[in-house]
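Participant: Have a look at this prediction, sequence included:
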Amino acid sequence: MDFSHLLRPKNFDDLLSQEHLTSLESPLRILCEKRVLGHSFFYGPAGVGKTSLARIIANVMDLPFFEFNATSLKIEQLRKIFEQYKNALEKPLIFIDEVHRLAKNQQEVLLPVMENNSVLIIGASTENPFFSLTSAIRSRAMLFELKNITDAALLTLVHKATKDTDISLDAETKDYLVKSSGGDARAMLKLLEFCSSVSENITLELLKSLRPNALSAGSSEAGVHYDLTSAMIKSIRGSDADAGIYYLARLIEGGESADFIARRLVILASEDVGKCKSTSANINNFMYDKCE
């Protein structure tokens with residue numbers, strides 16, 4: 001059973017944990033219902049409803065909907081749509097997922113149609129658009145952040161998914177399913193789907209066999225990578241041992257290279273801990289000053 005498809009939000013009220021964007025008083029919803037929403041980019045963690053929100057907007061504004069992924073998008077595809085709707089009475093909504101992967105020349109292709117409003121461009125990204133999009137694109141659009149889905153909302157989603165089915169989970173199993181999903185509804189529903197294909201009586205052991213560890217942001221993405229590293233160094237610099245160990249554990253759990261962590265700690269020791277001499281040493285081709 002494809003829970004992700006069956007439970008995809010169909011309207012603003014169905015979208016979980018995004019009340020700042022979907023409540024009756026929210027500017028985004030008001031603009032959509034008045035059919036005057038401008039070009040917009042949604043950013044936030046994976047599985048929080050960015051694509052669903054774009055589809056809801058297309059439905060509310062009654063616009064033709066074209067969906068693309070930046071990893072496979074070809075400029076010629078966009079130009080065909082631009083030409084098709086060049087003199088049309090209605091404009092299409094073009095949704096581009098993973099928009100941070102658009103090359104600079106691809107972003108520049110969007111500028112003329114964004115300027116004359118012949119189409120409505122909406123993009124989605126897990127990365128902050130202040131860093132991933134050009135200033136020309138940002139100046140022609142609004143930016144909206146989506147937040148992690150709360151555990152309470154995820155639990156409600158589990159109840160919806162298992163309602164009127166023979167799937168059973170005890171309280172402890174539900175708790176692990178929710179908390180191990182890290183606010184990602186898609187990941188939670190996919191795990192539930194796989195488990196229910198194995199057995200309708202879903203146990204904690206079955207969940208852990210498919211997801212032995214809770215999902216986390218990891219450290220592979222640039223923003224998380226440098227945020228965690230900086231937090232570890234600043235915690236040690238501030239003599240907060242507990243915080244330093246916590247961020248070190250986050251880096252290790254996220255799969256960060258031991259060599260990289262060691263080099264950063266050597267730099268920290270050189271700059272902030274010891275009094276450095278003029279002699280140098282080499283660890284893994286990284287030069288640093290010896291410290292007393």
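Facilitator: Yep, it's here. Numbers count the residues shown, from 1 in each chain.
Participant: Give the helix, strand or coil label for the nearest residue to residue 241 once chain neighbours are set aside.
Facilitator: Distance criterion C-beta to C-beta, 6 or more residues apart in numbering; nearest residue to residue 241, sequence neighbours excluded, is residue 235 at 8.0 Å. From N, CA and C alone the C-beta is placed, and that goes for glycine too. Each residue gets one of three states, and residue 235 gets helix by DSSP: H, G, I helix; E, B strand; the rest coil.
Participant: From residue 243, how far out is residue 235?
Facilitator: 4 Å (C-beta to C-beta, to the nearest Å).
Participant: Tell me which residues are up against stretch 156-163.
Facilitator: For stretch 156-163, contacts defined as C-beta atoms under 8 Å, 6 or more residues apart in numbering pick out 3, 6-7, 16, 149, 167-169, 174, 177-178, 185, 188-189, 192.
Participant: cool, stretch 204-212 as well?
Facilitator: 170, 172, 173, 176, 177, 180, 191, 194, 195, 198, 199.
Participant: Just name the closest of those residues to residue 239, please.
Facilitator: residue 180 (33.2 Å; C-beta to C-beta).
Participant: List the contacts of residue 185.
Facilitator: 16, 47, 48, 49, 149, 154, 157 are the contacts of residue 185 under C-beta under 8 Å, 6+ apart.
Participant: and residue 66, how many neighbours does it have?
Facilitator: Residues lying near residue 66 (other C-beta atoms under 10 Å) number 17.
Participant: cool, residue 167 as well?
Facilitator: Residue 167: 18 surrounding residues under other C-beta under 10 Å.
Participant: wouldn't it be in contact with residue 200 here?
Facilitator: Yes: the pair residue 167 / residue 200 is scored as a contact, 5.2 Å apart, by C-beta atoms under 8 Å.
Participant: List phi and psi for residue 122.
Facilitator: phi -130, psi 130 (degrees, to the nearest 10).
Participant: That one is in contact with residue 43, isn't it?
Facilitator: No: contact criterion C-beta under 8 Å: residue 122 and residue 43 do not qualify, at 11.7 Å.
Participant: quick one, which of these two is more surrounded?
Facilitator: Under the criterion of other C-beta under 10 Å, the comparison of residue 122 against residue 43 puts residue 122 first, with 29 against 21.
Participant: Identify the residues contacting that one.
Facilitator: Listed by C-beta under 8 Å, 6+ apart, the contact partners of residue 122 are 39, 40, 41, 42, 54, 57, 93, 94, 95, 96.
Participant: what about it, distance to residue 66?
Facilitator: Residue 122 is 10 Å from residue 66, by C-beta to C-beta.
Participant: anything in contact with each of these two?
Facilitator: 93, 94, 95.
Participant: Excluding covalently adjacent residues, which one is nearest to the last one?
Facilitator: With C-beta to C-beta, 6+ apart as the criterion, residue 95 has its nearest non-adjacent residue at 4.4 Å, and that residue is residue 54.
Participant: got a pLDDT number for the residue sitting nearest the centre point of the chain?
Facilitator: Nearest to the geometric centre of the chain sits residue 45, at 2.3 Å (C-alpha atoms, centre = their mean). Note on residue 45: pLDDT of 87.
Participant: Equivalent analysis for residue 31, please.
Facilitator: Residue 31 carries a pLDDT value of 97.
Participant: Next, count neighbours for the nearest residue to it once chain neighbours are set aside.
Facilitator: Leaving aside its sequence neighbours, residue 31 sits nearest to residue 37 (C-beta to C-beta, 6+ apart; 4.2 Å). As a burial measure, residue 37 scores 21 neighbours (other C-beta under 10 Å).
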